[in-house]
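1. with the sequence up front, the predicted model follows.
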Amino acid sequence: MTSMRMSEHGLNHRDVKMKAEDIHVFYGDNEAIKGVDVDILDNTVTAFIGPSGCGKSTFLRCLNRMNDTIDICRVTGRITLDGQDIYDRRVDPVQLRAKVGMVFQKPNPFPKSIYDNVAYGPKIHGLVSNKAEMDELVEKSLRRAALWNEVKDRLDAPGTGLSGGQQQRLCIARAVATGPEVLLMDEPCSALDPIATAQVEELIDELRESFSVVIVTHSMQQAARVSQKTAFFHLGHIVEYGDTPKIFTNPEDQRTQDYITGRFG
Ligand SMILES: Nc1ncnc2c1ncn2[C@@H]1O[C@H](COP(=O)(O)OP(=O)(O)OP(=O)(O)O)[C@@H](O)[C@H]1O
């Protein structure tokens, strides 16, 4: 199904994949997110930018309920994926995280072989029924993560033995293997050199054809290069959200302007 549709004005619109309404997040008494509303569009890269501590990672983690794993963290408001409330009691967070995958700042492959790193998710979610199907899925996922050619002759070698950039692409292959619909990336290039960063950025652009991608980044150049939509976070609020070129050339809010011109952050 295509995610493009025509509005009544004849303009192309992307479908809304995830919708967040009035999200507040508390760590104990500290309110880190103070009423955030945002739409995450299908087949679009959305960048979250903003100064340190403004809540980008906290909000990102709301989108696949990773905050559930933090005892003192409490989330209020409503987030839907294809119209379904992801905080509904009937939703299994483990199943949700297969649909809304995550790639972290520091590459974190399991202490297992390259093959098993990718095969683990499909195995626990029962996505394949035999070894031949698994081989196919592992290859497909490694190809999508642009890593296949570099590892195809050593699939039994430990994932932790790869370079940092390769490890991050392995983590992307792992996330992709469970057939996610949304991929969350929390500063995925911050531990990588410029060449590995360029490879991951190129990959993000390709992944957008299949998924929604949401990326937290401290690099405004990166946000401008990879994203179509940008949300600027400040002190627990989204101050401005819009088309990336507009945010970086002609923002509406003075605080966005000050941030992108390097006056704070
Ligand atoms: N696990 C946690 N326990 C308690 N407070 C937390 C936790 N994680 C984040 N916070 C607090 O929530 C606020 C927002 O932090 P968060 O990491 O989401 O911001 P950020 O914009 O992603 O920052 P950075 O760009 O530095 O990574 C901060 O005040 C932080 O101290």
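-> Right, received. Where do you want to start? Residues are numbered from 1 along each chain as shown.
2. just the buried residues of stretch 248-264, please?
-> Using 16 or more other CB atoms under 10 Å as the burial criterion, the residues of stretch 248-264 that qualify are 248, 251, 255-256, 259-260. All C-beta atoms are positioned from the backbone trio N, CA, C, and that covers glycine.
3. the closest residue to Asp253 other than its chain neighbours - how many residues pack around it?
-> The shortest distance from Asp253 to any non-neighbouring residue, by CB to CB, 6 or more residues apart in numbering, is to Glu240 (4.7 Å). Close neighbours of Glu240, defined as other CB atoms under 10 Å, add up to 21.
4. where does Glu240 land on pLDDT?
-> In this model, Glu240 is scored at 97, pLDDT.
5. and Glu8, by the same measure?
-> Glu8 is given a pLDDT of 45.
6. then Ala32?
-> For Ala32, the model assigns a pLDDT of 98.
7. contact partners for it?
-> 25-26, 55, 58, 236 (CB atoms under 8 Å, 6 or more residues apart in numbering).
8. farthest pair within those?
-> Phe26 and Gly55 (11.4 Å; CB to CB).
9. the two: which has the busier surroundings?
-> Neighbours were counted for Phe26 and for Gly55 using other CB under 10 Å; Gly55 has more, 23 against 15.
10. and that one, what does it touch?
-> 25, 32-33, 36, 233, 235-236.
11. just these now: which is nearest the ligand?
-> Ala32 (3.5 Å; CB to the nearest ligand atom).
12. where does the residue nearest to Asp253 land in three-state SS?
-> Secondary structure for Glu240, judged by DSSP: H, G, I helix; E, B strand; the rest coil, is strand.
13. distance of it from the ligand?
-> In this view, Glu240 and the ligand are 15 Å apart by CB to the nearest ligand atom, to the nearest Å.
14. from what I can see that residue touches Phe248, true?
-> No: using CB atoms under 8 Å, Glu240 makes no contact with Phe248, being 11.0 Å away.
15. what sits closest to Thr160 if chain neighbours are left out?
-> Pro109 (5.6 Å).
16. nearest the middle, which residue of the chain would you pick?
-> Geometric centre of the chain, nearest residue: Leu184, 1.4 Å, by CA atoms, centre = their mean.
17. so which helix or strand takes in Gly77?
-> Gly77 belongs to strand 73-81 when assigned by DSSP states H and E.
18. then that strand to PDB, C-alphas only?
-> The C-alpha trace of strand 73-81 is given here as PDB (Å, rounded to 0.1, in the frame of the first residue of the first chain):
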ATOM      1  CA  CYS A  73       9.600   7.100  34.700                       C
ATOM      2  CA  ARG A  74       5.900   7.900  34.100                       C
ATOM      3  CA  VAL A  75       4.400   8.700  30.700                       C
ATOM      4  CA  THR A  76       0.900  10.300  30.200                       C
ATOM      5  CA  GLY A  77      -0.900  11.200  27.000                       C
ATOM      6  CA  ARG A  78      -1.700   9.100  24.000                       C
ATOM      7  CA  ILE A  79       0.500   7.700  21.200                       C
ATOM      8  CA  THR A  80      -0.900   5.700  18.300                       C
ATOM      9  CA  LEU A  81       0.700   3.500  15.700                       C
END
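19. partner strands of whichever helix or strand comes after it and their direction?
-> Counting by DSSP H and E, the next helix or strand C-terminal to strand 73-81 is strand 84-85. Sheet pairing for strand 84-85, assigned by DSSP bridges, gives strand 73-81 (antiparallel).
20. tell me which residues are up against the strand it pairs with.
-> With CB under 8 Å, 6+ apart as the criterion, strand 73-81 contacts 17-27, 35-36, 62-63, 67, 85-87, 96, 99-100, 181-182.
21. show me these that map onto strands.
-> Within those, residues falling in strands by DSSP state E are 17-27, 35-36, 85, 100, 182.
22. out of these, which are close to the ligand?
-> Restricting the ones in strands among the contacts of strand 73-81 to those touching the ligand (CB under 6 Å from any ligand atom) yields Tyr27.
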